[in-house]
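Asker: compute the structure for the input listed below.
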Amino acid sequence: MSKRPGFRYWREPLCVVAVVLYVANSVWWKPMTVDPRSFVHCYLGDILCLPVCVPVTLWLQRRVGLRSDDRCPTLPELLLHWLLWSACFEWLGPRIPLLAPGAVSDPWDVVAYGVGGLVAAVVWRPQRVDNLLGTVPTFAALAGRAAVAMAVAVFVLGAYRFGVVFR
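Answerer: Residues are numbered from 1 along each chain as shown. Purely as a prediction, here's the structure:
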């Protein structure tokens, strides 16, 4: 069995593919699809959320010293980001129209984030079972990681506000 190299953050193949699919969906598939209730309009971007945003967030956490290694994301890390971003995008965003105009809460989006997270968990699974849960961070480190994840969520919501991110 070959040893998997360290987690490559935004250079991870799943992240690269997810970014390409997100852009293709935004500039090609959505405009070609008339029905605003279609999968490409409503859920494809949400499925791609964790595969795109988790690598960037983990890289930021690593750079500020809140993540001590370059291992693949653990299940608790993926779960933390899924929970935080579900709350931000489906509860906070729709309640702050200045930050995310036109945002609406859709519980199926939370399911879509989870599907993307499950795909990421399978693709990024650690080679050894004892690395599945990772080490338990201190409360301060956990709070710091949550703060970085929240900052990424606010950035994404703000990017929608200013039209930087495709809709």
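Asker: neighbours around Trp59, how many?
Answerer: 18 (other C-beta atoms under 10 Å). Yep, even glycine has a C-beta here, placed from its N, CA and C like the rest.
Asker: now Leu92
Answerer: As a burial measure, Leu92 scores 19 neighbours (other C-beta under 10 Å).
Asker: how about the contacts made by it?
Answerer: Leu92 makes contact with Leu99, Ala153, Leu157, according to C-beta atoms under 8 Å, 6 or more residues apart in numbering.
Asker: isn't the second one right up against Cys88?
Answerer: Yes - in this structure, Ala153 is within contact of Cys88 by C-beta atoms under 8 Å, at 3.8 Å.
Asker: distance from the chain centre to stretch 12-26, please.
Answerer: Distance of stretch 12-26 from the chain centroid (C-alpha atoms, centre = their mean, to the nearest Å) equals 12 Å.
Asker: sort out which residues of that stretch are buried, please.
Answerer: Glu12, Leu14, Cys15, Ala18, Leu21, Tyr22, Asn25, Ser26 (16 or more other C-beta atoms under 10 Å).
Asker: Pro101 versus the fourth one, what's the distance?
Answerer: Right, the one you point to is Ala18. 25 Å (C-beta to C-beta, to the nearest Å).
Asker: before we move on, the earlier item: from the contacts of Leu92, pick the one nearest His81.
Answerer: Ala153 (9.1 Å; C-beta to C-beta).
Asker: what helix or strand is that closest one on?
Answerer: helix 139-161 (DSSP states H and E).
Asker: and for Val19?
Answerer: Applying DSSP H and E as the criterion places Val19 in helix 13-24.
Asker: for that helix, which outside residues touch it?
Answerer: 9-10, 44-45, 48, 51-52, 55, 116, 119-120, 123-124, 166.
Asker: ok, 6 Å please
Answerer: Leu48, Pro51, Val52, Pro55, Val123 (C-beta atoms under 6 Å, 6 or more residues apart in numbering).
Asker: after that helix, next one along is what?
Answerer: Assigned by DSSP H and E, the successor of helix 13-24 is helix 30-32.
Asker: roughly how far apart are His41 and Asn25?
Answerer: 9 Å.
Asker: and if you look at Leu92?
Answerer: 24 Å.
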